[in-house]
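For reference, the sequence and a predicted model appear below.
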Amino acid sequence: MQTLKDVIGWETSPKQQSKPIGDLLDADVNKGGLCTIGNIGSGKSAWLALLLNAADRKVSKTHGTEHPFRYFIDEGSANIEHDKSALRAGHFPPKTGAMKSSSVEPAAILEWKHVKYLAGKEIVLSKKLANLSIADLAGEDLINLIEQVNKTRNLQQAAKVNMDRSINLVCNASRLVIIITATRIQGLDGIELEKEPIGIDGLSIYSDTNLKRIIQGIVKFKRQNPNSPPLNSVAIVVTKWDGLAPIAKQISQITGQPFNPLDTKISAESLDKFVYAFYPSTHAAIHSLGLSNIRYFPSFIEVERDSNGTPICWEGTTSPKIKRPEIFDRGHNWEDNVNTIMASEYWSFKALDWIEEGAN
């Protein structure tokens with residue numbers, strides 16, 4: 001698997017201009033990185049775009065401080081920068097189709113530093129790096145391809161499997177971000193908010209089944225291949241979280257916890273109970289890993305609606321318009337409301353904090 005090179009370098013003084021642009025170029029954070037997985041249409045691309053838009057804001061706001069943050073994206077054949085801009089403009093990224101992402105390997109190196117400034121010179125006290133790999137691959141493809149990899153004896157043989165880069169991204173990860181779609185829950189009598197895409201061989205009509213198979217395939221591979229880093233942490237991102245508002249009362253009755261999809265104070269216990277109730281096989285697969293570090297992050301993107309509550313779509317499309325704040329909304333600096341959408345930015349920053357915790 002290729003290492004990430006030619007990323008970003010340090011700001012250099014005139015005496016350093018002849019030197020290579022910094023040790024971040026040579027950072028070996030490929031193995032033991034973090035990888036995002038999920039079913040087709042689960043919201044992986046949208047969540048990643050939200051996360052990296054928050055990362056852009058974090059870079060700008062921490063520049064010149066004692067705790068600067070920065071990152072660089074290697075898109076591969078993906079289009080994540082376009083997805084970020086489209087999201088800011090109020091458009092949802094397109095779904096990743098099945099068997100159409102054979103060379104998709106976007107990745108990013110994220111860097112956190114603690115510095116002091118003496119006589120105008122930056123002194124680095126500590127530095128942490130994390131590799132964020134994105135297996136932006138339809139879930140049913142992962143199921144089939146990981147099974148192929150399971151039949152090989154080692155990573156070298158696995159590299160010969162079709163789409164090996166995407167598979168190796170998953171199998172080399174030590175941390176996973178598992179995307180769960182809130183609106184595909186089952187178990188509420190007479191209520192179905194969204195169906196799992198069907199019509200593809202190997203794909204169940206049940207989202208819980210598909211996720212369980214993906215996780216099980218990864219766990220099985222890691223147990224059979226000692227060269228693959230063990231999993232040490234999992235984040236569960238529940239996308240389309242705001243779509244549960246119409247059934248908030250029923251969910252509260254099942255989980256035994258007050259439920260407001262837009263409440264940033266929602267507890268990890270409540271989120272865990274939600275996954276336990278509505279994604280029981282996925283919940284069991286994750287907790288069977290024996291991990292102590294399991295985090296939950298709800299994610300949502302608000303859309304414009306008419307007086308009947310029906311989403312308003314872009315003309316000539318079935319894609320809803322994303323709601324944007326007023327530029328001069330009270331309580332915010334006007335520049336923060338430009339190129340901004342009504343979404344779960346709070347939780348995106350929390351996810352960045354979680355990534356930093358596991359950085360080396």
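In hand now; what should we look at?

The stretch 251-360 of the chain: helices as residue ranges?
268-278, 280-287, 334-337, 345-357 (DSSP state H, counting those that start in this stretch).

closest to residue 203 out of these?
helix 280-287 (15.1 Å; C-beta to C-beta). From N, CA and C alone the C-beta is placed, and that goes for glycine too.

For the closest one, which helices and strands make contact with it?
Helices and strands touching helix 280-287, by 3 or more C-beta pairs under 8 Å, 6 or more residues apart in numbering; DSSP states H and E, are strand 175-181, helix 207-224, helix 268-278.

now with 7 Å?
helix 207-224, helix 268-278 (3 or more C-beta pairs under 7 Å, 6 or more residues apart in numbering; DSSP states H and E).

hmm, back to that, want to throw the helices of the stretch 251-360 of the chain into TSV with distance to residue 254 and mean neighbour count?
Putting those into TSV (distance: least, C-beta to C-beta, whole Å; neighbours: other C-beta atoms under 10 Å) gives the following:
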stretch	distance to residue 254	mean neighbour count
helix 268-278	5	18
helix 280-287	12	18
helix 334-337	37	12
helix 345-357	22	18
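
Could you tell me the least trusted of the ones you listed?
Of all the helices of the stretch 251-360 of the chain, the minimum mean pLDDT falls on helix 334-337 (a mean of 75).

CA-only coordinates of that helix, as CSV, when you get a sec.
Taking Å, rounded to 0.1, in the frame of the first residue of the first chain, the C-alpha atoms of helix 334-337 are listed here in CSV:
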residue,chain,number,x,y,z
TRP,A,334,-21.3,37.3,10.2
GLU,A,335,-18.2,35.7,8.6
ASP,A,336,-19.1,32.4,10.4
ASN,A,337,-22.5,32.4,8.6
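
Quick one: residues in contact with that helix.
Under the criterion C-beta atoms under 7 Å, 6 or more residues apart in numbering, residues 325-329 lie in contact with helix 334-337.

before we move on, what about stretch 293-313?
So stretch 293-313 is contacted by 43, 46-47, 50, 232-242, 261, 266, 268, 271-272, 286, 319-323, 341-344, 347, 350-351, 354 (C-beta under 7 Å, 6+ apart).

Residue 306 and residue 315: what is the separation?
Taking C-beta to C-beta, to the nearest Å as the measure, residue 306 and residue 315 are separated by 14 Å.
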